[in-house]
Structures are given as C-alpha cells and as structure tokens.
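**Q** here is my input; please provide its structure:
(one chain, ligands or ions: 1)
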Amino acid sequence: MKKILALVLAVMMMVVAAGCGGGGDQAKSSGSGASSGGKQITMGFSQIGAESEWRTANTESIKQAAQDAGINLQFSDAQQKQENQIKAIRSFIAQGVDIIAFVPIVETGWDTVLKEAKDANIPVIVVDRDVKVADDSLYVAKIGTDSVTEGKNVFKWIDEYMGKENKKPRDGGSQYNVVILEGTVGSSVAIRRNEGFKDAMAASPNASKYNILASQTGEFTRQKGQEVMESFLKSYGDKIDILYAHNDDMALGAIQAIEAAGMKPGKDITIISIDGVKGMFQAMIEGKSNCTVECNPLQGPLLMETAKKILNGEKVDKLVYVDEGIFPADVAEKTLPERKY
Ligand code: GYE
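**A** Got it, this is the predicted structure:
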C-alpha cells in the first residue's frame, strides 16, 4: 500500500514538475508576471462539479484566466462531493502547489484540511461560496458574490411587480402563495439566498401579503428543479402564485413541469430566479419567466490577479464581491446579445 502511495506521489510530483518547467504551452502564453520569484505559479483548484450553466461559465472563466495569466492550473472536479474536495486539497498540499483555490460546496467542515494547508505554508483563496471556519486566518481571501443581497433583490422585485401588475391571488384569498426551489443543502448560497429573501419580506410593509407554501431543495440542477416542481404542483396545483428558484437552471426545469401541468409559466405562475444565464434570457424572451437577478460567474481574472498579489507578498482584501445586476423579462431581448455566459 505504502509503495503504491509513494509511486502515485512520485508521478504527481513529475506532473507538477513538468508544469513548472516552463516548457509547456501555458508557459508560452504566459506573458509577463506569470511567476513568483522567477518560477511559474502552480495553482491547485477544486471545483464542485458541473451542476448548472452558471457553473460551466465559472469553470471556463477560471481556466481561461489561468491560461491568460500564465498560471499552471491543476483543476480538480469534485462531482458534488465535499470528501472529493478534501482529497483534492490534500493532494495539492502533497504536491506542494504554490497556492490553493476552491469553491466550498457546503459551508462547514473545512477547518482541518485548511489547517493542513496553513501548516504547509500554502495560501488558500475561497472562491464563489463561503466557508464557516473557527479561525478566519485559515484562508487569505474570499472572492465571490453577495447571496444575501441577491435574495433581498428577489423579494423586492417580486413585491414591486405583483403590485404594479395588480396581480390577484389565484386561490381567491388575500395572500400570494410562494414556492421556493432551494440550492444545495448546507451551501452558503442556499442559506443566504433564503435569508436575504426572508429578511426583505419581514422588513416590507407588504409582508402579510405573502405566504411561503413550500420550500425544498432542487440541488441547483434542472432535472431536480423539474421533479420538485412536479411534486409542488401535485400538492398545491393552482394555488401557486410565485416561484422563487435559487438558480436559473432549477427555474428552467420547473418551467417544463408547469407547462406539462397545462399552466402558463411566467403568467399563471410568476417566476424569478438567480444567475442570469443565457438559457434564462431565452426563456424570458419567450414569455416563460419574469426576472433573473444576476450572479456573476466570471471570477477567473480576479482570482488570478489576487493569487499573484498574494504570492508577491502584497496585501489583498479579505473579501471581494463581484458586480451584479437585475434583469426583468422586458429587457431580455435587448440584453441577450451582450451576455457573456
Ligand atoms: O447560483 C448556481 C450554482 O454557487 C453562486 O451555484 C453559485 C451557485 C449558482 O450552481 O447556479
């Protein structure tokens, strides 16, 4: 067993050494500033998987930015499992990469492995989602999006829209019935997008007009979004006024379920989701959804820039949020050609 482990480690080190040698394609495109102390930077990156259109754009942005910056990226796909991320981070430490970056699939459970990275003097950058660790010095910087604000913006938009359109509750009652498709259980994004929505609702003078009928995870995927929406429709049928999906992919799955049930998505049921991917712009142009709150996946350039600064010993901000907008259906057609993901 030990021999096999040693062999695996030796092969890994050879791969890293080849990457650092400066003879590969990446080194050729490196331009300036690709190195720290004259040697090419190697970044170990643990991505959570490929669950959504957003995630694909995020991965592409990171790979492209690494190439543009001349950084040797060791990319690892965790297939939605935290244990795979922990294994990947341990293997980056064993390889002796210069810097580690990762998207934490869930918020908790990172203390031990991040302490191992710190003990090995390898700086860590948290990307996209948040971690909850006892000691914040276990990571140097966090680059991502503001999920609480996104959730708040969802409620604010809905509240304004329902009033403006003078929508009447479908069941003839006095409240709008809301169903929620949540993201991955335990992820900072699902927790905060709920929090932001509920906080904004509680703070609104219209709070009593809304009733959350059901809220369940659709795991950020189209497939699961469709399945859970089917079950919501079975239980509550024409009582549902509003669907809030924590991402566009789940909303796109739900749209199929709503159509299959003989209802009109975007009309019978008002739909709002988060991300702003092209697929959702298309659905809005077709009149099947009402609004998307942008969450920007193009975090690669900022990540590479931050990594270089850290390795150069420069000070970086502990927390950086990327910019995001709000796109209702009436601007979808005009905006789609400008969308980058
Ligand atoms: O909204 C969703 C995804 O972590 C912000 O993860 C991200 C979320 C994004 O797969 O589509």
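**Q** what's the closest non-adjacent residue to residue 259?
**A** Closest residue in space to residue 259, ignoring its immediate chain neighbours: residue 265 at 6.3 Å, by Cβ to Cβ, 6 or more residues apart in numbering. (C-beta placed from N, C-alpha, C; glycine too.)
**Q** ok, the one you found touching residue 252?
**A** No. With contact defined as Cβ atoms under 8 Å, residue 265 does not count as touching residue 252 (9.7 Å).
**Q** who touches both of these two?
**A** residue 283 (Cβ atoms under 8 Å, 6 or more residues apart in numbering).
**Q** ok, and the closest non-adjacent residue to residue 177?
**A** Residue 177's closest residue in space is residue 213 (Cβ to Cβ, 6+ apart), at 4.6 Å.
**Q** from residue 320, how far off is the residue of the stretch 101-250 of the chain found nearest the ligand?
**A** Closest to the ligand within the stretch 101-250 of the chain is residue 247: 3.5 Å, counting by Cβ to the nearest ligand atom. To residue 320, residue 247 is 22 Å away according to Cβ to Cβ, to the nearest Å.
**Q** what's the answer for residue 335, then?
**A** Distance, residue 335 to residue 320, by Cβ to Cβ: 25 Å.
**Q** how about residue 213?
**A** According to Cβ to Cβ, residue 213 stands 37 Å off from residue 320.
**Q** quick one: which of those two has more around it?
**A** Neighbour totals were compared for residue 213 and residue 320, and residue 213 leads with 18 against 14 (other Cβ atoms under 10 Å).
**Q** which positions in the stretch 151-300 of the chain make contact with the ligand?
**A** Neighbours of the ligand within the stretch 151-300 of the chain, by Cβ under 6 Å from any ligand atom: 189, 220, 247, 249, 274-275, 295.
**Q** helices - which of those land there?
**A** Using DSSP state H, the subset of these located in helices is 189, 249.
**Q** against the ligand, how distant is the closest residue in space to residue 332 that isn't next to it in sequence?
**A** With Cβ to Cβ, 6+ apart as the criterion, residue 332 has its nearest non-adjacent residue at 3.8 Å, and that residue is residue 284. From residue 284 across to the ligand, the span is 17 Å (Cβ to the nearest ligand atom, to the nearest Å).
**Q** what residues are up against residue 284?
**A** Counting by Cβ under 8 Å, 6+ apart, residue 284 makes contact with 266, 290-292, 327-329, 332.
**Q** C-alpha coordinates for stretch 46-65, PDB please?
**A** Extracted in PDB, the C-alpha atoms of stretch 46-65 (Å, rounded to 0.1, in the frame of the first residue of the first chain):
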ATOM      1  CA  SER A  46     -11.000  22.300  -6.600                       C
ATOM      2  CA  GLN A  47     -14.300  23.000  -8.400                       C
ATOM      3  CA  ILE A  48     -17.500  21.400  -7.100                       C
ATOM      4  CA  GLY A  49     -18.800  20.000 -10.400                       C
ATOM      5  CA  ALA A  50     -20.900  21.000 -13.400                       C
ATOM      6  CA  GLU A  51     -24.400  21.200 -12.000                       C
ATOM      7  CA  SER A  52     -25.500  24.300 -13.900                       C
ATOM      8  CA  GLU A  53     -25.000  26.700 -16.800                       C
ATOM      9  CA  TRP A  54     -23.600  29.100 -14.300                       C
ATOM     10  CA  ARG A  55     -21.000  26.600 -13.000                       C
ATOM     11  CA  THR A  56     -19.800  25.800 -16.600                       C
ATOM     12  CA  ALA A  57     -19.200  29.600 -17.200                       C
ATOM     13  CA  ASN A  58     -17.400  29.800 -13.800                       C
ATOM     14  CA  THR A  59     -15.100  26.900 -14.700                       C
ATOM     15  CA  GLU A  60     -14.400  28.300 -18.200                       C
ATOM     16  CA  SER A  61     -13.600  31.700 -16.700                       C
ATOM     17  CA  ILE A  62     -11.100  30.200 -14.300                       C
ATOM     18  CA  LYS A  63      -9.400  28.000 -16.900                       C
ATOM     19  CA  GLN A  64      -9.200  30.800 -19.400                       C
ATOM     20  CA  ALA A  65      -7.900  33.300 -16.900                       C
END
